[in-house]
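**Student:** Model the following, please.
(one chain, ligands or ions: 3)
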Amino acid sequence: MAEFSATSTSTATGIVVALQANYLEVELHAPPDGIPGRLLCTRRTRLSHRGAAVHVGDQVSIEAIDPVQARAVVADVAPRDSWLTRPPVANVSLVVVVLAVDQPSFDPDQASRFLLTAERTGLDVQVVLSKRDLLPPDQLEQLCERLRRWGYEPIALSSETGEGVEALQQRLRGTALAVLCGPSGVGKSSVLNRLLPHLSLRVGAVSGRLQRGRHTTRHVELFALGDTSKVADTPGFNRPDLPDDPRELGVLFPELRQQLDPWPCRFRDCLHRGEPGCGVSTTWERYSLYASGLEELVALSRQGRGG
Ligand SMILES: Nc1nc2c(ncn2[C@@H]2O[C@H](COP(=O)(O)OP(=O)(O)OP(=O)(O)O)[C@@H](O)[C@H]2O)c(=O)[nH]1
Ligand SMILES: [Mg+2]
Ligand SMILES: [Zn+2]
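**Tutor:** Ligands and ions are numbered 1, 2, ... in the order given. Coordinates of the predicted model:
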């Protein structure tokens, strides 16, 4: 007769839902009989040797399951479909950029940096304008219209009143993994508490003259939204970096991207800075932001080349 030890020989697959110090919290796709749905895991040392970082959102195979302690070991990581660097989340299918209409006040430069970072993934990007209760309806409509000119169809919502939350819920339904990202204090955790009332995530009041957030959320964590969708709460931060390559910048602006098909310029490597023969207009709102971003990147790449 087989002898049972504390460690079962079963293996299983799951998704990393959180990282805690040196542990990975893994939710199993189909827990074998008698094995808890969530396990606290360490990594096989050979994974660390390969330099394979394991992140939230990674699909992993696990072994050495200890059903009593709910522990296991991550043996391997599946190749990623997509990768968001900051916040670090693997296998994202939708990037939700959350921006407050006020408190903290809407900052077009900061908003754009978050949008550019989201666009770099090549994934779908959804803009959420949070705290709509803080803005009169006509000003809210103006802000929505502004975002539309940038190439986005925003969902305006309030986690205080609940208005608009249903629209986000609809958008997330059927999305395998959505990530909420944006500045600290815009209400990312608050909207999750509204969507999933059992969560009670910690939220923090904004403070100071600039009504900045207090970096309340410290870790990326995934939560189930129905049977087929997951959504990630992430720590807010304030100023994402631009991409490294100036030639990459243009395609990250939807309103410029739309002007580039078909290619309107006489020059193949045009950076669209209003030179004669460049067919790109310079009269769109974010053009100045594009131009100054470009200058910053060109200067950086010159420095990098030592010239
Ligand atoms: N008036 C109003 N306040 C809100 C709304 N949503 C969130 N807040 C408040 O905004 C503050 C920040 O909310 P959080 O949910 O902690 O913001 P966060 O984006 O998760 O912040 P970090 O975790 O620091 O990135 C809290 O005081 C919330 O009560 C809203 O819809 N309307
Ligand atoms: Mg938070
Ligand atoms: Zn051009």
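**Student:** Within range of ligand 3, give me the residues from the chain.
**Tutor:** Selection of the chain residues close to ligand 3 by C-beta under 5 Å from the ion yields 265, 270, 272, 278, 280. Where C-beta positions appear, they are placed from N, C-alpha and C, glycine not excepted.
**Student:** can you pull out the strands in the stretch 201-307 of the chain?
**Tutor:** Assigned by DSSP state E, counting those that start in this stretch, the strands in the stretch 201-307 of the chain fall at 221-225, 229-233.
**Student:** Please identify the deepest-packed of the ones you listed.
**Tutor:** Using mean count of other C-beta atoms under 10 Å, the stretch among the strands of the stretch 201-307 of the chain with the greatest mean number of neighbours is strand 229-233 (a mean of 22).
**Student:** Would you mind listing the outside residues contacting that one?
**Tutor:** With C-beta atoms under 8 Å, 6 or more residues apart in numbering as the test, strand 229-233 has contacts from 15, 17, 56-57, 87, 89, 92, 96, 172-180, 188-189, 192, 195, 201, 217, 220-225.
**Student:** Okay, now the sheet partners of it, with direction.
**Tutor:** strand 177-181 (parallel), strand 221-225 (antiparallel) (DSSP bridges).
**Student:** hang on, the earlier thing: please convert the buried members of the contacts of strand 229-233 into PyMOL selection syntax.
**Tutor:** PyMOL command restricting the contacts of strand 229-233 to the buried ones, with burial defined by 16 or more other C-beta atoms under 10 Å:
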select buried, resi 15+17+56+57+87+89+92+96+172+175+177+178+179+180+188+189+192+195+201+217+220+221+222+223+225
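**Student:** between the strands of the stretch 201-307 of the chain, which one is nearest to residue 213?
**Tutor:** Among the strands of the stretch 201-307 of the chain, strand 229-233 comes nearest to residue 213, with 13.2 Å by C-beta to C-beta.
**Student:** Tell me the bridge partners for the nearest residue to residue 65 once chain neighbours are set aside.
**Tutor:** Closest residue in space to residue 65, ignoring its immediate chain neighbours: residue 72 at 4.5 Å, by C-beta to C-beta, 6 or more residues apart in numbering. Residue 72 has the following beta-bridge partners by DSSP bridges: residue 41.
**Student:** got a pLDDT number for residue 72?
**Tutor:** In this prediction, residue 72 carries a pLDDT score of 95.
**Student:** what sits against it?
**Tutor:** When contacts are counted by C-beta under 8 Å, 6+ apart, residue 72 touches 12, 26, 39-41, 62-66.
**Student:** Kindly report the residues of the protein close to ligand 2.
**Tutor:** Residues of the chain lying close to ligand 2 by C-beta under 5 Å from the ion are 188-189, 216-217.
**Student:** Mind putting those residues into a markdown table with distance to ligand 1 and pLDDT?
**Tutor:** Compiled in a markdown table, those are given as follows (distance: C-beta to the nearest ligand atom, whole Å; pLDDT from 0 to 100):
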| residue | distance to ligand 1 | pLDDT |
| --- | --- | --- |
| 188 | 4 | 97 |
| 189 | 3 | 97 |
| 216 | 4 | 89 |
| 217 | 3 | 90 |
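**Student:** Would you confirm that residue 277 contacts residue 267?
**Tutor:** Yes. Taking contacts as C-beta atoms under 8 Å, residue 277 lies within contact range of residue 267: 6.4 Å.
**Student:** And stretch 173-193, end to end?
**Tutor:** 16 Å (C-alpha to C-alpha, to the nearest Å).
**Student:** now that stretch: how far from the chain's centre is it?
**Tutor:** Relative to its chain's centre, stretch 173-193 lies at 8 Å (C-alpha atoms, centre = their mean, to the nearest Å).
**Student:** again, but for stretch 93-109
**Tutor:** Taking the mean of its C-alpha atoms, stretch 93-109 sits 12 Å from the chain's own mean (C-alpha atoms, centre = their mean).
**Student:** Could I get the contacting residues of the closest residue to ligand 2 within the stretch 1-150 of the chain?
**Tutor:** Residue of the stretch 1-150 of the chain nearest ligand 2, by C-beta to the ion: residue 98 (9.8 Å). Neighbouring residues of residue 98 by C-beta under 8 Å, 6+ apart: 128, 130, 180-182, 186-188, 191.
**Student:** By neighbour count, which of these wins?
**Tutor:** residue 188 (31 neighbours; other C-beta atoms under 10 Å).
**Student:** Grab the nearest non-local neighbour of the residue of the stretch 201-307 of the chain found nearest ligand 1.
**Tutor:** Nearest residue of the stretch 201-307 of the chain to ligand 1: residue 236, at 2.5 Å (C-beta to the nearest ligand atom). Spatial nearest neighbour of residue 236, chain neighbours left out: residue 184 (3.1 Å); criterion: C-beta to C-beta, 6+ apart.
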